[in-house]
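Engineer: could you look at this predicted model? Sequence included:
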Amino acid sequence: MNGIPLTKALQAEVEGRRSREAVLFGIHGAHVNCTDGRYVYMRAPAKPDNSPLYNYTLMPTHMASLFSVEELQGLALAEPFAFTKGVRTLKVKADSFVPAHGMGTLLYDIAADPDQQRPLEDEAAELLMERHLVELMEASDAPGEQYERLGLRPRLRQSSAE
């Protein structure tokens with residue numbers, strides 16, 4: 001989680017400016033979402049099997065149980081992330097219990113539809129929010145396969161490949 005002090009965020013609001021251009025949120029293995037305060041963008045997995053999807057952990061446990069022997073048999077060591085202070089993590093194939101692919105990618109204009117009842121079709125807004133999403137994922141050091149899972153191209157890889 002990449003936070004800022006609450007006092008800084010509140011001071012920015014008092015001064016009439018935003019402390020961030022957009023924020024990233026979601027549930028592991030489901031949609032990856034972002035909002036800029038006007039739109040909410042919910043990016044669905046590109047494939048029905050929601051792959052590739054992995055858990056990265058230093059402690060092989062689920063919320064209420066240990067990883068099974070079968071899960072651990074396929075593990076690999078992953079290179080450190082920016083936030084793991086040089087420590088490699090266990091990379092274990094994961095499953096998701098949210099049928100996000102079937103829901104599709106969704107865009108909402110929360111100014112006009114605060115209850116998010118009517119998905120919006122606006123190509124320009126979707127491109128803007130996709131750009132925010134990729135930038136936020138890069139800033140969070142998201143694993144490379146997340147871009148593949150979501151059908152996205154990382155900005156950094158685009159610029160170095162072009």
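Structural biologist: Done, it's in. No experiment lies behind these values; they were computed from the predicted model shown.
Engineer: quick one, domains of this structure?
Structural biologist: Here the domain parsing of the chain from automatic domain parsing is 6-49+96-161, 54-94.
Engineer: so the nearest residue to Pro154 once chain neighbours are set aside: helix, strand or coil?
Structural biologist: Among residues not flanking Pro154 along the chain, Tyr147 sits closest, at 5.1 Å (C-beta to C-beta, 6 or more residues apart in numbering). C-beta: built from backbone N, CA, C; applies to glycine. Here Tyr147 is helix, with the state taken from DSSP: H, G, I helix; E, B strand; the rest coil.
Engineer: look up how far Ala46 lies from Tyr147.
Structural biologist: 10 Å (C-beta to C-beta, to the nearest Å).
Engineer: picking that back up, pLDDT at the residue nearest to Pro154, what is it?
Structural biologist: According to the predicted model, the pLDDT of Tyr147 comes to 97.
Engineer: re the thing from before, can you flag the weakest of the domains of the chain by average pLDDT?
Structural biologist: domain 6-49+96-161 (a mean of 90).
Engineer: from Leu90, how far off is Leu127?
Structural biologist: 36 Å.
Engineer: all the strands of the protein, residue numbers only.
Structural biologist: 23-26, 32-35, 39-43, 54-57, 76-78, 89-93, 106-109 (DSSP state E).
Engineer: can you list these in CSV and add mean neighbour count and distance to Pro119?
Structural biologist: As requested, the strands of the chain are arranged in CSV below (neighbours: other C-beta atoms under 10 Å; distance: least, C-beta to C-beta, whole Å):
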stretch, mean neighbour count, distance to Pro119
strand 23-26, 15, 17
strand 32-35, 21, 13
strand 39-43, 23, 9
strand 54-57, 18, 29
strand 76-78, 12, 35
strand 89-93, 18, 31
strand 106-109, 19, 5
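Engineer: partners of the spatially most central residue of the chain in the sheet?
Structural biologist: In the chain, the C-alpha nearest the mean C-alpha coordinate belongs to Val32, at 4.0 Å (C-alpha atoms, centre = their mean). Under DSSP bridges, the beta-bridge partners of Val32 are Gly26, Arg43.
Engineer: buried ones in the lengthiest helix in the chain?
Structural biologist: Using DSSP state H, we find that the single longest helix of the chain is helix 123-139. Residues Ala125, Glu126, Leu128, Met129, Glu130, His132, Leu133, Val134, Glu135, Leu136, Met137 are the ones in helix 123-139 that count as buried (16 or more other C-beta atoms under 10 Å).
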